[in-house]
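Enquirer: Please work out how this folds:
(chains A and B)
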Amino acid sequence: MSISFTLNGAPRTVQVEPGKNVQTLLRELGFNSVRDSDDGWGFAGSDTILLDGVAVNATMLIVGQLEDREVVTAESLNVYGQLSAVQSALIDAGAVQSGYNDPAVALVLTDLLQRNPAADRAEVTDALSGIFLRESAYEQVFTAVEIAKERMVNPEHVADVNPEFNKVFDRDMRFVGKASRKVDATRTLKAEKAFVEDFVPADACHLKMLRSPHAHAYISKLDTSKAEAMPGVVAVLSYKNAPDVYYTPGGQTAPEPSPLDRRLFGQKMRHFGDRVAAVVAETPEIAEAALKLIEVEFEVLKPILDVDEAAAEGAPIVHKGLISYSAGAPDDLDEQNADVDPRDGRIHFNFPFGGEPRKNIAAKGHGSIGDIDKGFAEADVILERTYESKQAQQCPPEPHLCLTYMEGDRLVIRAATQVPWHVRRQIANIIGVKQNKVHVIKERLGGGFGSKQDILVEDVCSFATHLTGRTVYFRHTREEEFIATSSRHVAKMDIKLGARKDGTITAIEVDYRFNTGPYGNHALTVPSNAPALSLPLYRCENVKFEITTYYSNIVPTGAYQGYGGPKGNFAMQMILAEMAAELGIDHLDMIQKNRVHEGDELTLLGKVGEGKMPSKIPSASSCALEGILDRGAETLGWGTPKAEDPTKPHIKIGRGVATMKQKSGIADIDQANATVKLTSDGTLICHSGGADLGAGLDTVVTKLVGEVLLSELNDIHVISGDTDHCLFDKGAYASSGTCFSGNAAKLAAEDLRDQILKVAAERLGEPVEQVELVFPATVKGQTGTISFAEIAHFAESGTGCGMLQGKGCFTTPEFAFPYGANFVEVAVDTETGEVELLKFHALLDCGTPINPELALGQVYGASIRAIGHSLSECIKYDEEGRVVNANFADYGTPSLGDLPKDFRAELVASNDQIGPYGGKSVSEIGVNAAAPAIASAIHDACGVWIREWNITPEKVLRALGRL
Amino acid sequence: MFAIEKYHKAATVQETVELLSQNSEAHLLAGGTDVLVKLREGHEQFKQLIDIHDVQELQSIEMLDDGTLSIGAGVSCTRLIRSEIVQAHIPVLAQAANMLGGPQVRNAATLGGNICNGAPSAENASPLVVLDAQVNIVGPNGSRLVPITEFYLRPGKVDLEQNEIVTDFRIAKESYENTGGEFCKYAMRNAMDIATIGCSVICRMDEDRIEDLHIAYTVAAPVPTRCRTAEEMCKGQVPSKALLNDLAKVVHEDLKPRDSWRASKDFRVHVISTLAERVTEKAIIRAGGIIA
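Expert: Residues are numbered from 1 along each chain as shown, chains lettered A, B, ... in the order given. This is a model prediction of the structure:
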């Protein structure tokens, strides 16, 4: 059928089936901006276009509906070499993170401001309320609107978006600590080819997965012959033809402290949505149709849904496969292997970390300092409480996806991954090739938050290409995101706290029980970070904890921003708040009395490793908690009268606070590398191993190189995350980007600087001590100056010293801990149970913020995601372990309407000695304090302690005795 | 790609009815926000579509000579919200339409689609129920008017034959004149969420007494439901906290909330009671009443 319409002002006629989806059509026509985050549920708005002048979701239209109508996409805003007022304002305000949904934001805002140049906050809110911004939490978009309004009148308008923070660094810095445009923002905001989905060739095969309808079952019959016979089907993958290799989906440094307990396909289904078989076909439609031809029968087993069921006597066993060890096998291994069921496959431990699969235990850990009995004996009051969390999902706007193809005998993996080198190592192992035959190209990521630290699509996609030689594209549906990626671990924590009457803590004892789900990726390290990221926030000489991580049949868990921190901190902060109430001490005073101080030795952390113990006891070498708590108390109005309305006695106002911490990479375990080379005209190219996942690492690297080499940022180009062209880097996890990847780049730049100075000194005929770098890109001696261009030209000449290149490798036995706090004011409606966030003030000590405006965006985004898991987000199951809310509409992510009324992020800096120019991590910490801050505010408002995430109105009403 | 066997574009209501009669498996496509989700889910019954976006007769919002309001089934939620007629006479409907999805969905989704898909959580259902709306249906044998409460048969099923089309919703002058109304959608989030409970009330005062009061709920029974027992109780009464209290108890006589993963039954019961008081109070005040 022939359809004619207007597309960005030009007439278009297409010959297509009328039932073709408009979003698909526009993508095929090259309009990358029309993305799809929600499979056409009209939730995320990444598919926003203007149709006859009004915003609609392209996924909710079929092409037939376009006849004679006018379509405008975000590409209409693009002018080559320029940015529109709205585009530049979004970038300047720091509102663009991954840029996946931001073209839609630009389109909607441009349309709004053209119709109403004076649009107020309410109108902006209304216009944007149908666009899901998981990363930036909208707040900086309002700043961008104000900049855009000015710029529409005066295109030369310069915006000052530098946030206020106390400058702790000694010398005057040119780039570090000052706002500058995110280096990749223009590309993503203009919807140029940037994400994996933008590179899929028309002839790529599509991979679709048949998933288990049961949470726990054996495949008793599998017949794929009809699917294989279907024309257009290239291959069907299942346990019958998958490599017999076991691995962990967790993208961690090897040897991984996670059980190697998953095969590409197994005969045992361990969660709702586990892999049964995959079809690789010429088109997605054929692949879908072929899935329906696969005949499969199951022997259904009873599912385990929580840690109590997992630990129960006679519980069904999730892993009955053959257990093996690389080293340190337990003495009773044969006994453990007495009841192997071959259908369960195998389970391998790189080294012992407490796993006992026949008891459904994936990992165990423990640690203690002091004398716990003595500590409790010294207490005047002892509290014992149980706190619980529920399962939250990262919800990156871009789902997991992967494109693989062969280049000669090499496999190319274009991936949206946080861990390119771990992907290369793991894929080589899984498909059985050498690492030099695998090339991983990390494209831009449309959000990761830890979920793209795990290898969840690259494995099967690579196998399909390696098996067939064909280009294969695998993209998760949103439902698959909910049921088959690595969500947040679930925890149940028994905590006991002793304190003297004056509030001094004397003892802390915690029993952490974690639910890791069907596979043990991060089963040791996430739970180990629960104590590590919470207990050292308080001084206490007597501490003891135990960790047990259980297998179950919930949908998989893994790494999610915070990495054990949000759960552990919920228990620690909540029991401290409960103790303060018990002792009649102001909550903030209680925190102040016991909190960690700068310079404190963190003895407990010497007892918690991530697979191996730290080589030295860490200390809180930099910590701005004092300034943070003072500032938060001031902005929130801690201790001031509450504005309760006497005509609304059912609305109760309360205030809460919680501190938080994280680390900046893992000492003694992680490593990052970089090179910086001088090009012929004196500009710089940095090859960074770091995997920017949208949070701004490439911008950090650019600025650090610029700061060291005193070059214009525009003269620095960063190539990152490419395993052929860059050096090894642990990947984007453990909040390591700034400190590890950043320091590696800084070291490389310093190495290059030394070489430049040496050559310059020779050329100038002066001793090297006499020459120095001056901005821009020049070496100054006492007799004259020489530019980087001249140095490069000489170096590359037939009589030169060779092209100049600096190399940096960063490892450290030290930790750089960021600190922070959330101050919250809530209004609890005691009749409906609704909790309204009146104020949410997030304060962060990330040391020197390298990109201050992007740091704020990180804090806003982290806060809203944490508000999500605290209040509205939860993966829900029926009794059989099937997920009932695997879509955005039902799952419960906060959207624009749920923003706190007074939402603030502030930076309070300390000067750290480990991070580059005193910088510490920003990325993860921001999610660790929202739940306890909100829960303690609810108690302050209406006197009830809610000890379980997510805090729903129903739980509030039950606690209040209203149901 | 959705495998659509037939796709027609209708220009008039007459043509739509003819196309429906000729294609016994055809479904109507208006804004498409529900149909596209069903297509993506692979519902076979949507293989034949008749696009009614261009049918101008479905697009009007007007006051007829006798004061009856006629709201075209093809009117989008956004147009409802912005309509002067709606805002002036039945703002409760605009209030509800504004709670449906995000702006992109409201720009496309139509009033007719929202009602005819029979969803128990439809935002626009409870306002139309309290306003005693009549559903104007045209089929091969002419037109018929059905009260909206009778139009809803069971979840997902309305009183509409395959060869019929809803052209507009009619609200008689006596149903809206001198009334005050209020709508509330109770959901877990402030936007983009599915209602746990929806409630509408309209009220007309006679001096200091309630002359007439209508209250209806969605997601509180299999279909949008009026609470007639409670309504009767309110007639002729002087509004008071005590009356609202009683109302909160009596509304349950006509409702049947259920347990689901979204919310437990006792939680829904509690919310129904709370909304009865709050929504009614606002409607009474809008109608010029005072709560003693």
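
Enquirer: CA only for contacts and neighbour counts going forward, please
Expert: Fine.

Enquirer: need the longest helix for chain A.
Expert: Criterion DSSP state H: the longest helix present in chain A is helix A:742-764.

Enquirer: List the buried residues in that one.
Expert: A:742-754, A:756-761, A:764 (16 or more other C-alpha atoms under 10 Å in any protein chain shown).

Enquirer: Tell me the pLDDT of the one residue sitting closest to the centre of chain B.
Expert: Nearest to the geometric centre of chain B sits B:A125, at 1.9 Å (C-alpha atoms, centre = their mean). B:A125 is assigned 97 on the pLDDT scale.

Enquirer: before we move on, what about the one 4 residues further on?
Expert: The per-residue pLDDT reported for B:V129 equals 98.

Enquirer: Contacts only, for the residue of the stretch 101-250 of chain A found nearest chain B.
Expert: Residue nearest to chain B within the stretch 101-250 of chain A (C-alpha to the nearest C-alpha): A:G130, separated by 4.2 Å. The contact partners of A:G130, by C-alpha atoms under 8 Å, 6 or more residues apart in numbering or on different chains, come to A:G42, A:F43, A:A44, A:G45, B:G101, B:G102, B:P103, B:Q104, B:M192.

Enquirer: change it to 10 Å
Expert: A:G130 sits next to A:42-46, A:48, A:55-57, A:105, A:108, A:895-897, B:101-106, B:191-192 when contact means C-alpha atoms under 10 Å, 6 or more residues apart in numbering or on different chains.

Enquirer: next SSE after the longest helix of chain A?
Expert: Using DSSP states H and E, the helix or strand that directly follows helix A:742-764 along the chain is strand A:772-774.

Enquirer: ranges for the helices of the stretch 101-250 of chain B?
Expert: B:103-108, B:111-116, B:125-130, B:148-151, B:173-176, B:228-234, B:241-250 (DSSP state H, counting those that start in this stretch).

Enquirer: rewinding a little: test my guess that the residue nearest to the centre of chain B contacts B:T225.
Expert: Yes. With contacts counted by C-alpha atoms under 10 Å, B:A125 reaches B:T225, the gap being 9.2 Å.

Enquirer: ok, so what distance separates A:T832 from B:P120?
Expert: Going from A:T832 to B:P120 by C-alpha to C-alpha, to the nearest Å gives 21 Å.

Enquirer: Let's have the helices of the stretch 101-250 of chain B in JSON lines, adding distance to chain A.
Expert: Compiled in JSON lines, the helices of the stretch 101-250 of chain B are given as follows (distance: least, C-alpha to the nearest C-alpha, whole Å):
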{"stretch": "helix B:103-108", "distance to chain A": "4"}
{"stretch": "helix B:111-116", "distance to chain A": "14"}
{"stretch": "helix B:125-130", "distance to chain A": "20"}
{"stretch": "helix B:148-151", "distance to chain A": "27"}
{"stretch": "helix B:173-176", "distance to chain A": "28"}
{"stretch": "helix B:228-234", "distance to chain A": "21"}
{"stretch": "helix B:241-250", "distance to chain A": "13"}
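
Enquirer: Would you convert those into a markdown table that also reports distance to A:A889?
Expert: As requested, the helices of the stretch 101-250 of chain B are exported to a markdown table (distance: least, C-alpha to C-alpha, whole Å):
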| stretch | distance to A:A889 |
| --- | --- |
| helix B:103-108 | 13 |
| helix B:111-116 | 17 |
| helix B:125-130 | 20 |
| helix B:148-151 | 27 |
| helix B:173-176 | 33 |
| helix B:228-234 | 32 |
| helix B:241-250 | 30 |
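
Enquirer: for the ones you listed, which one ends up most surrounded?
Expert: Compared across the helices of the stretch 101-250 of chain B, helix B:125-130 shows the largest average neighbour count, a mean of 29 (mean count of other C-alpha atoms under 10 Å in any protein chain shown).

Enquirer: In the stretch 1-150 of chain A, what residue spans correspond to helices?
Expert: A:22-28, A:85-92, A:102-115, A:121-128, A:139-153.

Enquirer: Of these, which is nearest A:V72?
Expert: Closest to A:V72 of the helices of the stretch 1-150 of chain A, according to C-alpha to C-alpha: helix A:102-115, at 8.8 Å.

Enquirer: Now do that closest one: which elements does it pack against?
Expert: Helix A:102-115 sits against strand A:48-51, strand A:54-57, helix A:85-92, helix A:121-128, helix A:139-153, helix A:185-189, with contacts defined as 3 or more C-alpha pairs under 10 Å, 6 or more residues apart in numbering or on different chains; DSSP states H and E.

Enquirer: Figure out which of these is closest to A:F817.
Expert: Closest approach to A:F817 among the helices and strands packed on helix A:102-115 (C-alpha to C-alpha): helix A:139-153, 26.1 Å.

Enquirer: Show me the one of the helices of the stretch 101-250 of chain B that comes nearest A:P518.
Expert: helix B:103-108 (37.5 Å).

Enquirer: Mind exporting the C-alpha coordinates of that closest one to PDB?
Expert: What follows is helix B:103-108, C-alpha atoms only, in PDB (Å, rounded to 0.1, in the frame of the first residue of the first chain):
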ATOM      1  CA  PRO B 103       0.300  14.000  27.100                       C
ATOM      2  CA  GLN B 104       1.200  11.800  24.100                       C
ATOM      3  CA  VAL B 105      -1.400   9.300  25.000                       C
ATOM      4  CA  ARG B 106      -4.000  12.000  25.800                       C
ATOM      5  CA  ASN B 107      -3.400  13.600  22.400                       C
ATOM      6  CA  ALA B 108      -4.300  10.400  20.700                       C
END
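
Enquirer: Could you name the helices and strands sitting against it?
Expert: Packed next to helix B:103-108, using 3+ C-alpha pairs under 10 Å, 6+ apart, are strand A:48-51, strand A:54-57, helix A:121-128, helix B:77-82.

Enquirer: same thing but at 8 Å, please
Expert: Helices and strands touching helix B:103-108, by 3 or more C-alpha pairs under 8 Å, 6 or more residues apart in numbering or on different chains; DSSP states H and E, are strand A:54-57, helix A:121-128, helix B:77-82.

Enquirer: who does the first one pair up with?
Expert: Looking at strand A:54-57 with DSSP bridges, its partner strands are strand A:48-51 (antiparallel).

Enquirer: Can you give the distance of the partner strand from its chain's centre?
Expert: 30 Å (C-alpha atoms, centre = their mean, to the nearest Å).

Enquirer: Now do the same contact list for the closest residue to B:K9 other than its chain neighbours.
Expert: Distances taken as C-alpha to C-alpha, 6 or more residues apart in numbering or on different chains put B:D51 closest to B:K9, at 4.7 Å, once the chain neighbours are dropped. Going by C-alpha under 8 Å, 6+ apart, B:D51 touches A:Q65, B:Y7, B:H8, B:K9, B:A10, B:L28, B:L29, B:A30.

Enquirer: ranking those residues by neighbours, who comes first?
Expert: In terms of neighbour count, B:A30 stands highest of the contacts of B:D51 at 27 neighbours, by other C-alpha atoms under 10 Å in any protein chain shown.

Enquirer: That one touches B:H53, doesn't it?
Expert: Yes. With contact defined as C-alpha atoms under 8 Å, B:A30 reaches B:H53; the gap is 5.3 Å.

Enquirer: Between the two, which contacts overlap?
Expert: Shared contacts of B:A30 and B:H53 (C-alpha under 8 Å, 6+ apart): B:G74.

Enquirer: domains for chain A, by residue range?
Expert: A:2-77, A:85-189, A:196-202+A:396-483, A:206-359, A:487-665+A:815-959, A:672-810 (automatic domain parsing).

Enquirer: Would the lowest-mean-pLDDT helix or strand in chain B count as contacting chain A?
Expert: In chain B, no helix or strand scores lower on mean pLDDT, DSSP states H and E than helix B:35-40, which sits at a mean of 86. Yes. With C-alpha under 8 Å from any C-alpha of the partner chain as the criterion, chain A is reached by helix B:35-40 at B:L36, B:V37, B:R40.
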